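Student: Fold the following, please.
(one chain, ligands or ions: 3)
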Amino acid sequence: MSNVSNQIRASSSLIKRFKQRMTNPAALVQSRSFTTLEGHRPTIVHKRSLDILHDPWFNKGTAFSMTERDRLDLRGLLPPNVMSSEQQIQRFMADLKRLQVQARDGPSDPNALAKWRILNRLHDRNETMYFKVLIANIEEYAPIVYTPTVGLACQNYSGLFRRPRGMYFSAEDRGEMMSMVYNWPAEQVDMIVVTDGSRILGLGDLGVQGIGITIGKLDLYVAAAGINPQRVLPVMIDVGTNNEKLLKDPLYLGLQEHRLDGDEYIAVIDEFMEAVFTRWPHVIVQFEDFQSKWAFKLLQRYRNAYRMFNDDVQVYGNLEVRNRSNRKSKRFDERHTCKKGTAGVAIAGLLGAVRAQGRPMIDFPKQKIVVAGAGSAGIGVLNAARKTMARMLGNNESAFESAGRQFWVVDAKGLITEQRENIDPQALPFARKVKEASHQGLWEGASLAEVVREVKPDVLLGLSAVGGLFSKEVLEALKGSTSTRPAIFAMSNPTKNAECTPEEAFSIVGDNIIFASGSPFKDVDLGNGHIGHCNQGNNMYLFPGIGLGTLLSGSRIISDGMLQAAAECLAAYMTEEEVLKGIIYPSTSRIRDITKEVAAAVVKEAIEEDLAEGYREMDARELRKLSQEEIEEYVKNNMWSPDYPTLVYKKD
Ligand SMILES: NC(=O)c1ccc[n+]([C@@H]2O[C@H](COP(=O)([O-])OP(=O)(O)OC[C@H]3O[C@@H](n4cnc5c(N)ncnc54)[C@H](O)[C@@H]3O)[C@@H](O)[C@H]2O)c1
Ligand SMILES: O=C(O)C[C@H](O)C(=O)O
Ligand SMILES: [Mg+2]
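Tutor: Ligands and ions are numbered 1, 2, ... in the order given. Alright, predicted model coming up:
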């Protein structure tokens, strides 16, 4: 991809075209004399890369041809599908006209997408101001730049796309990624969020349009964790899409071919990982919204070699929980009398629900839990919850065995039992024994309502991506719960995929429940001055702190212990008083504070595990000397704040 050779190639094709015209008089007549030729004369630019895309005089957006992209160091800075200018106009006009329709099927706020656009434009003009607005109004605007509106933005991305943000690596860039990565203008990148667009929130395969979620996640990295916005990089790996609608859409911005699979797919992801870690050896890569088919495999492939983690599988649910018998989080133990660790946002919430019943957390293994959804998130939660229970019961094989009996898993085909044909190996450990099930009046494929009616669970947890799955019938059945305070977790995103709304839950099951959802809902007025609290159980409470803590510790990898320390910190964050009121997660307005604490917990754990190699002037030895308070201070001092710096001009 040498610039010089590209320039030579480009000018030789121009000369060729000129010669053709001179030797072909017909072409000369057709070409409206020399004006067309004039049109072929190149415009000299003294800019390259993003500077061109940000210059309205020269920018052609998605219409830059592939050769031009190479010549001007633009490769990877635009979605891969090259558009004609007619297509660009068509896309713009379609978007303009779609505005009202989009608003109708969007989240509850009819102006959400309009707000997204206004904020997006500010983001493009002035990042400092953008983040100042976001941080000061995080409760109001997190639902716009992040879940749920970001889902709607992804669905409409082809229309909303204006100025590119982040990098695009496509299946057609194989063999080029190592050089493409140098097209990114920042010398240092701390945080990458990458997706292949295969499972965006609960919206399915959105192909290249999934880039929106990586931008939304990084907005929280900056706003909540104070990662410097100049050092974040959203990445889309476009390996095609299996979304038939997008494959046929002439205005789609991504590769219009079916997804790569097998070794070919892995080769693309491998090449991407090698490229980014070659240019930025200390970068942290968060994998986001990969379909479960690949999420687990890629995690296993990279986690011991690179600083990476998977937000949906690990942060939300599944952790290989280590034995913490001689290294317990003091704060966690002091507050909760629980001598064992926890894992993930879901587990923090599940333990909160036990506390909210006025019971000690050690009673967690007695909870009967019905989980709807056995995908990457559902299986992640099940594994983590089972291990947490097993450790509370003595951490031996029989404890693990009996913990397994506390779960009933229902997927698209109903209750999973050992009778299930072609059972997913990840779900197999949670399949109910047929005999046991029939004693309970249940069978393979029993419906969710039937399962809830027979099991009378303490907790009903949804990670199905099916909006309204907790129907009136299911919620009525939950009224028979044997718990003093049943808990409903409607965790699927975005809003319209929530398994039920808090209004439905409180009005059908009763005032005395615990309610949490993945996307934000308003609290419910129960009358008589009582509030039905709606908790937002979302991985946003952990991933920013995990990233910041990893960065500041300089840990080589992201260990289970570091993830677990983060989760413990979240579980310990809520006071007894809050929990008894039914508040099991902090409000978004406290996200910068909880993130700081989570990051400090991660740094501390990395030091204890001897993984910390230090960050800038704070080397490993210095880090080891820090007290708990000093670690917190160190984290706080390294969080970027949106203040204008004084600028001084200096020639290169
Ligand atoms: N709150 C959070 O922080 C958080 C974190 C991760 C994922 N999620 C959400 O979880 C949802 C699922 O994500 P995933 O990666 O596991 O998806 P997935 O596609 O891998 O899994 C979906 C599962 O739901 C099951 N299902 C489908 N229809 C069903 C039905 N009618 N009844 C019961 N089960 C049904 C499927 O069989 C599958 O097992 C998404 O909406 C995502 O946004 C939320
Ligand atoms: O993105 C979110 O809001 C949470 C989670 O990562 C999801 O995939 O739903
Ligand atoms: Mg996700």
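
Student: Report the contact partners of P457.
Tutor: 367-370, 408, 478, 481, 483, 486 (CB atoms under 8 Å, 6 or more residues apart in numbering). C-beta here means a position set from N, CA and C on the backbone, and glycine is covered the same way.

Student: same deal with V602?
Tutor: V602 neighbours (CB under 8 Å, 6+ apart): 545-546, 548-550, 553, 562, 565-566.

Student: Closest to ligand 3 out of those?
Tutor: I546 (13.8 Å; CB to the ion).

Student: and stretch 506-520, does that touch ligand 3?
Tutor: No: contact of stretch 506-520 with ligand 3 (CB under 5 Å from the ion) is absent, the minimum separation being 9.3 Å.

Student: nope, stretch 196-206 is what I was after
Tutor: No: for stretch 196-206, no contact with ligand 3 is found by CB under 5 Å from the ion; the gap never falls below 6.5 Å.

Student: Give me the contact list for that stretch.
Tutor: Here stretch 196-206 has contacts from 147-148, 150-151, 154-155, 157, 207-213, 236-239, 241-243, 246, 254, 259, 269, 289-292, 294, 375-376, 465-467, 492-494, 497, using CB under 8 Å, 6+ apart.

Student: Kindly check the end-to-end length of that stretch for me.
Tutor: Stretch 196-206 has its terminal residues 9 Å apart, counting by CA to CA, to the nearest Å.

Student: Any buried residues in that stretch, and which?
Tutor: 196-203, 205-206 (16 or more other CB atoms under 10 Å).

Student: tell me the mean pLDDT for that stretch?
Tutor: On average, the pLDDT along stretch 196-206 is 97.

Student: Help me see whether it makes contact with ligand 2, please.
Tutor: Yes: using CB under 6 Å from any ligand atom, stretch 196-206 reaches ligand 2 at L201.

Student: Who wins on neighbours among the contacts of P457?
Tutor: The most crowded member of those, judged by other CB atoms under 10 Å, is L478 (28 neighbours).

Student: Quick one: name the residues of this structure near ligand 3.
Tutor: Counting by CB under 5 Å from the ion, the chain sits next to ligand 3 at 289, 312.

Student: Direction included, what does the longest strand anywhere in the chain pair against?
Tutor: In the chain, assigned by DSSP state E, the strand with the most residues is strand 232-238. Here strand 232-238 is paired, per DSSP bridges, with strand 167-170 (parallel), strand 191-195 (parallel).

Student: And the helix or strand following that strand, what's buried?
Tutor: Sequence order places helix 244-248 as the next helix or strand after strand 232-238, per DSSP states H and E. For helix 244-248, burial by neighbour count (16+ other CB under 10 Å) applies to 246-247.

Student: rewinding a little: give me the subset of the contacts of P457 that lies in strands.
Tutor: 369-370, 408.

Student: Roughly how far does the residue in the stretch 551-652 of the chain that ligand 3 sits nearest to sit from Y644?
Tutor: As assessed by CB to the ion, ligand 3 sits closest to L563 within the stretch 551-652 of the chain, at 15.4 Å. Plainly put, L563 is 36 Å away from Y644 if you go by CB to CB, to the nearest Å.

Student: which of the two has more neighbours?
Tutor: The residue with more neighbours, out of L563 and Y644, is L563; 24 against 9, by other CB under 10 Å.

Student: Now the more buried one: which helix or strand?
Tutor: Going by DSSP H and E, L563 is in helix 560-573.

Student: got the CA coordinates for that helix in PDB?
Tutor: Extracted C-alpha coordinates of helix 560-573, given in PDB (Å, rounded to 0.1, in the frame of the first residue of the first chain):
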ATOM      1  CA  ASP A 560     -10.700 -13.800  36.600                       C
ATOM      2  CA  GLY A 561      -9.600 -12.400  39.900                       C
ATOM      3  CA  MET A 562      -9.600  -8.800  38.500                       C
ATOM      4  CA  LEU A 563     -13.100  -9.300  37.100                       C
ATOM      5  CA  GLN A 564     -14.300 -10.800  40.300                       C
ATOM      6  CA  ALA A 565     -12.800  -8.000  42.400                       C
ATOM      7  CA  ALA A 566     -14.800  -5.600  40.200                       C
ATOM      8  CA  ALA A 567     -18.000  -7.500  40.700                       C
ATOM      9  CA  GLU A 568     -17.500  -7.700  44.500                       C
ATOM     10  CA  CYS A 569     -17.000  -4.000  44.600                       C
ATOM     11  CA  LEU A 570     -20.400  -3.500  42.800                       C
ATOM     12  CA  ALA A 571     -22.100  -6.000  45.100                       C
ATOM     13  CA  ALA A 572     -20.700  -4.100  48.100                       C
ATOM     14  CA  TYR A 573     -21.600  -0.700  46.900                       C
END
